[in-house]
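What follows is a predicted protein model with its sequence.
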Amino acid sequence: MKQIVILGSTGSIGTNTLDIVAKFPEEFRIVGLTAATKDEKLEEQLRMFKPQIVALADHAAAARLRARCKDLPVEILSGLEGVAQVARLPEAALVISAIVGGAGLVPTLAAIRARKQVALANKEPMVMAGHLMQEEARRHGVRIFPVDSEHSAIFQSMEGHRREDIRRLILTASGGPLWELSREQMRDVKPAQALQHPNWKMGSKITIDSATLMNKGLEIIEARWLFDIPPSQIEVLVHRESIIHSLVEYKDGSVIAQLGLPDMRTPISYAMQYPARVPLDTPPLDLASIGTLTFYQPDHERFPCLGLGYQALRTGGTSPAVLNAANEIAVAAYLQEGIGFLDIADVIRTTTEAHTASEVSTVEDALEADRWAREKAEELVHALAR
Ligand SMILES: NC(=O)c1ccc[n+]([C@@H]2O[C@H](COP(=O)([O-])OP(=O)(O)OC[C@H]3O[C@@H](n4cnc5c(N)ncnc54)[C@H](OP(=O)(O)O)[C@@H]3O)[C@@H](O)[C@H]2O)c1
């Protein structure tokens, strides 16, 4: 029986993980859960899965939960330190890192330093401080298992092969909900339209990242650190159907890929039970009825965020942390209809251009760059506010 903590249990990855746990009670037990503000949803989860400890980042939400759960033998913590404390829970063997955004950096590092195995969905910390996270993981004997479907596919396609034989990693991208639109048409796209992802049902931030292709910009940086592969060997291919989740090309010309219907429970469960596979109720992949799989080069003109991701990766140091923070601010402003869809890339570009990159030697360096970029991006958003 594997004892599990979920950071971000009320989100899309969190609830998919709980779905797996509920189906396999002999294999997994929940010992800790965390969320930000959704105390009612967390209460439902804690009444069902009976963890010993939970945390809400928001103090007022935690106070509400405490008031309602006096009948339960559960410790309820609050604030970022409360979330980090759940991540360090001695009873846990595996931590599912599924907070959205840079807010996950400190708790995910806390889990690594407490020698927990980590199933990583929360890509933003890897973008902000990838080499530090990997260094900490090595120092503490921790394995980080990718949950992102593309990185899980690469991980699976690398199993049994030598890293030095790799020619390229090819990350697939669905192209998102706006792939067919011209830049002119994108100008007036409202959040409700940009949130309609054709293949995946995910949280709102990553869905907008998918629409701008910034999600792929973040993922190339994530791949660079997860697999220790230089940027020049990481490519992106648009594949509309999201059936091929990513590919690895080897130097003898062999290309190994992982395929499957788009269902996040597949990569989540692989990270939870590696190297075993969990028997899920997914329908068989019927390629004959799918018929055609389509592929395109990414379009950097219409989707400049991918290029901004490559640029930050090449510049290195604090650049990816700045890119990520500016993106978080711009996406949040777009979701509140404070700025337009095309403004997202402009806010990120202007913020990254105003930044002079420096080394990330400590987590504080990444957090300081994050703070600086949020402030700068907020100023830009304010100036653009409609
Ligand atoms: N969804 C997917 O299919 C998918 C696929 C691949 C990778 N990912 C990655 O996985 C991560 C989670 O994505 P998601 O779609 O599951 O996001 P989501 O649905 O928005 O859920 C985010 C979770 O994080 C919590 N949270 C938000 N801000 C927080 C903060 N400041 N401190 C502590 N907890 C906080 C939320 O709590 P509340 O509910 O209380 O706000 C929620 O539990 C992201 O990094 C995303 O890029 C997601």
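Structure's in. What do you need?

who in this protein is up against the ligand?
8-14, 35-38, 57, 83, 98-100, 103, 121-124, 148, 200, 202-203, 205-206, 264 (Cβ under 6 Å from any ligand atom). To be clear about C-beta, it is placed using only N, CA and C from the backbone, and glycine gets the same treatment.

Just the ones in strands from the residues you listed, please.
residue 35 (DSSP state E).

just the strands in the chain please.
With DSSP E as the criterion, the chain has strands spanning 2-7, 28-35, 53-56, 75-78, 94-97, 117-120, 144-146, 166-173, 234-239, 244-250, 255-259, 295-296.

any chance of those in JSON lines, with mean pLDDT too?
Output for the strands of the chain, formatted as JSON lines (pLDDT from 0 to 100):
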{"stretch": "strand 2-7", "mean pLDDT": "98"}
{"stretch": "strand 28-35", "mean pLDDT": "98"}
{"stretch": "strand 53-56", "mean pLDDT": "98"}
{"stretch": "strand 75-78", "mean pLDDT": "98"}
{"stretch": "strand 94-97", "mean pLDDT": "98"}
{"stretch": "strand 117-120", "mean pLDDT": "98"}
{"stretch": "strand 144-146", "mean pLDDT": "98"}
{"stretch": "strand 166-173", "mean pLDDT": "98"}
{"stretch": "strand 234-239", "mean pLDDT": "98"}
{"stretch": "strand 244-250", "mean pLDDT": "98"}
{"stretch": "strand 255-259", "mean pLDDT": "98"}
{"stretch": "strand 295-296", "mean pLDDT": "98"}
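
okay if I get these as TSV plus mean neighbour count?
Shown next, in TSV, are these (neighbours: other Cβ atoms under 10 Å):
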stretch	mean neighbour count
strand 2-7	26
strand 28-35	24
strand 53-56	27
strand 75-78	19
strand 94-97	28
strand 117-120	25
strand 144-146	23
strand 166-173	21
strand 234-239	19
strand 244-250	22
strand 255-259	16
strand 295-296	12
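
Reformat those strands into a markdown table and put distance to residue 88 next to each item.
Listed next are the strands of the chain as a markdown table, based on distance: least, Cβ to Cβ, whole Å:
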| stretch | distance to residue 88 |
| --- | --- |
| strand 2-7 | 9 |
| strand 28-35 | 9 |
| strand 53-56 | 10 |
| strand 75-78 | 11 |
| strand 94-97 | 9 |
| strand 117-120 | 12 |
| strand 144-146 | 16 |
| strand 166-173 | 32 |
| strand 234-239 | 33 |
| strand 244-250 | 32 |
| strand 255-259 | 32 |
| strand 295-296 | 44 |
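
For residue 368, find the nearest of those.
Nearest to residue 368, of all those, is strand 94-97, at 21.9 Å by Cβ to Cβ.
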